[in-house]
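Let me see the structure of the following:
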Amino acid sequence: MLCGKERCPVLVRFSFQARVNKLIDSLTLEGSSPPSVFVGRIGYPKVAVGPLIPPVVGDTSFIDTPEFWGNVTIDDIVNFRSQLVRGKHVVNVYDVDSSDKIVSLTRELALSRESVQSEVYFEKKPSGRIIFYDEAQPHGPSAPIKKLEISNPKYDHRIEKAFYDTDLRARDAVVELYKKGTLVSSIQKAFSVGAFGEKKYRRFVPTRWSITAVDSMLGEELLKQTKNSPLINEYRVYRFKRFDNRWVVLMMPTSWRYELIEAWYPKTTWNPYGATIAIYNSYEFYNGRKTYAEIGGCYYAARLAVNETLTKEHRQAGVVIFREAHPGYILPVGVWNVRETVRKALKQPYTKYDDLQTALSAVKETMDIPLERWIKNSAVLKDSLHQRRLEDFFT
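Residues are numbered from 1 along each chain as shown. Sure thing, here's the model as predicted:
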């Protein structure tokens, strides 16, 4: 407890890892992949690809479907994700059509729609601690693969169709699958193993990059409708709490603009040693942004969730998302947390306000950090509060 946190992340990792280690103390592992795969990024363009397999037989799909994790705790996530043993097989990202059996079977797993019985033979016993990422979901120990066998996978026919269409652009495949109801997490998985795009451009995409790429593409697609829709009629404030994070989504009756502001308390994931609260923001106005968001994948995940709500309502709005991460958020669990949390927040009843000042007062009541500091760190709020507009002269 020397870190000063209320709960020790080291002990949380250790307790679950100790249980898993007893089940994987062997050169072979048999279990049902959710299905799940992982593509690394270290050594790019030569990266490690392979399946994620738990020492469990049966329906394990829940383990790798973030869309279903609405009521789980951080302990739950560490528990079931720590069971996933990562098999590693180094390939060149351009060798997606390799005749290598491990490569082709890994791709088959990514295209499957339900759990696949798998058996893997390792070159050495799986080892290592539970790995946590800022973008991807965590997983357990890993080891190089010597041989991989899987039972007959049942493909998602929608993804399979896109896979065999080698003239279809990757972006078009992603958008088409999304519109047909395919889960975002399933699209991201298939995207990572080079299942989409014109044949000559296909390649493996590191898992953390594929997650953000799909979120970004879908958000941009939905924005086409958002930007051509009528404005909402009021100021809205949505509130939500999860994993000791406080969330507020402020919607304003303006043309499209968007900002994500994250405040990390000391002893939290991205501010472990700081003595003061660290605040970060990324934003865009109507014409979008040309550089990668400073906040990273969270920015695009939240933007997708916001535009899902606006397109369903056929409305346009300016949006500012406030996130306060308190010390109880002891471990990162992946970008999915932002996407699914904002989705859930926007399904809650919202409170209406007639003007920006009263809406900001509601934000002030919800958050611990003073409103003045949020405004100081916000480009969109500064613009809304201080930039005079044509309508001001008419009213």
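
any weak-confidence spans in the protein?
1-25, 129-135, 269-270, 388-395 (pLDDT under 70).

can you list the domains in it?
The chain breaks down into these domains under automatic domain parsing: 9-150, 157-221, 235-394.

Would you map the strands across the stretch 251-395 of the chain?
Secondary structure of the stretch 251-395 of the chain by DSSP state E, counting those that start in this stretch: the strands cover 257-264, 278-284, 318-325, 351-353.

which residues touch stretch 242-250?
73-74, 235-241, 306, 319-329, 333, 337, 341-342, 344-346, 359-360, 362-363, 366-368 (CB atoms under 8 Å, 6 or more residues apart in numbering). For glycine as for every other residue, the C-beta is placed from the backbone atoms N, C-alpha and C.

From the residues you listed, list just the buried residues.
The neighbour-count test (16 or more other CB atoms under 10 Å) applied to those identifies 74, 235-240, 306, 319-327, 329, 333, 337, 341-342, 345-346, 359-360, 362-363, 367 as buried.

So which of those sit within helices?
I74, V306, N337, T341, V342, A345, A359, L360, A362, V363 (DSSP state H).

Would you format these as TSV with distance to S61 included?
Converted to TSV, those look like this (distance: CB to CB, whole Å):
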residue	distance to S61
I74	21
V306	27
N337	19
T341	21
V342	23
A345	25
A359	40
L360	42
A362	39
V363	38
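
ok, how many other residues are close to D165?
By other CB atoms under 10 Å, 16 other residues sit near D165.

Verify the stated contact: V120 with P144.
No: contact between V120 and P144 fails when scored by CB atoms under 8 Å: they sit 10.4 Å apart.

Nearest residue to A379 in space, please, no chain neighbours.
Nearest residue to A379, sequence neighbours excluded (CB to CB, 6 or more residues apart in numbering): Y283, at 4.6 Å.

Could I get the full set of helices for this protein?
For the chain, applying DSSP H gives helices covering 9-23, 74-81, 101-111, 157-164, 170-179, 184-192, 207-226, 297-313, 336-345, 356-366, 371-376, 379-386, 390-394.

tell me the angle the third one makes with helix 157-164.
Looking back up the chat, that one is helix 101-111. 140 degrees (axes from the mean of the first three to the mean of the last three CA atoms, to 10 degrees).

what's helix 101-111 in contact with?
33, 35-37, 49-51, 87, 89, 91, 95-96, 98, 116, 118, 145, 147-150, 153, 155-156, 159-160, 163, 189-190, 192-195.

Could you tell me which of those count as buried?
Judged by 16+ other CB under 10 Å, buried ones among the contacts of helix 101-111: 33, 35-37, 49-51, 87, 89, 91, 95-96, 116, 118, 145, 148, 150, 153, 156, 159-160, 163, 189-190, 192-195.

Filter those down to just the ones in strands.
33, 37, 49-51, 87, 89, 91, 116, 118, 145, 148, 150 (DSSP state E).

which residues sit against stretch 295-304?
Applying CB under 8 Å, 6+ apart, the contact partners of stretch 295-304 are 134-135, 184, 208, 211-212, 215-216, 218-219, 222, 258, 260, 262, 280-282, 293, 321, 335-336, 338-339, 342.

Next, count neighbours for the closest residue to W209 other than its chain neighbours.
Among residues not flanking W209 along the chain, R41 sits closest, at 6.9 Å (CB to CB, 6+ apart). Look at R41: counted by other CB under 10 Å, it has 14 neighbours.

can you give me phi and psi for R41?
Dihedral angles of R41 (phi, psi; degrees, to the nearest 10) stand at phi -130, psi -20.

residue contacts, it?
Contacts for R41 (CB under 8 Å, 6+ apart) come out as V47, P206, T207, R208, W209.

do K88 as well
Contacts of K88 (CB under 8 Å, 6+ apart): G40, A48, V49, G50, S142, A143, P144, I145.

List just the nearest of the residues you listed to Y201.
Each of these was scored against Y201 by CB to CB, and V49 proved nearest at 17.9 Å.

Number of residues surrounding the nearest residue to that closest one once chain neighbours are set aside?
Once flanking residues are discounted, V49 sits nearest to V39: 4.9 Å by CB to CB, 6+ apart. Here the number of neighbours of V39 (other CB under 10 Å) works out to 26.

doesn't T207 make contact with V39?
Yes: taking contacts as CB under 8 Å, V39 lies within contact range of T207: 4.9 Å.

what touches both of the two?
By CB under 8 Å, 6+ apart, the residues touching both V39 and T207 are S192.

Could you tell me the end-to-end distance of stretch 243-258?
One end of stretch 243-258 sits 24 Å from the other (CA to CA, to the nearest Å).

Report how many residues lie close to the nearest residue to H326 once chain neighbours are set aside.
Of all residues not flanking H326 in the chain, D244 sits nearest, at 4.4 Å (CB to CB, 6+ apart). Residues near D244, counting by other CB under 10 Å, number 16.

Look up how far S118 lies from D244.
Note on D244: its distance to S118, by CB to CB, to the nearest Å, is 36 Å.
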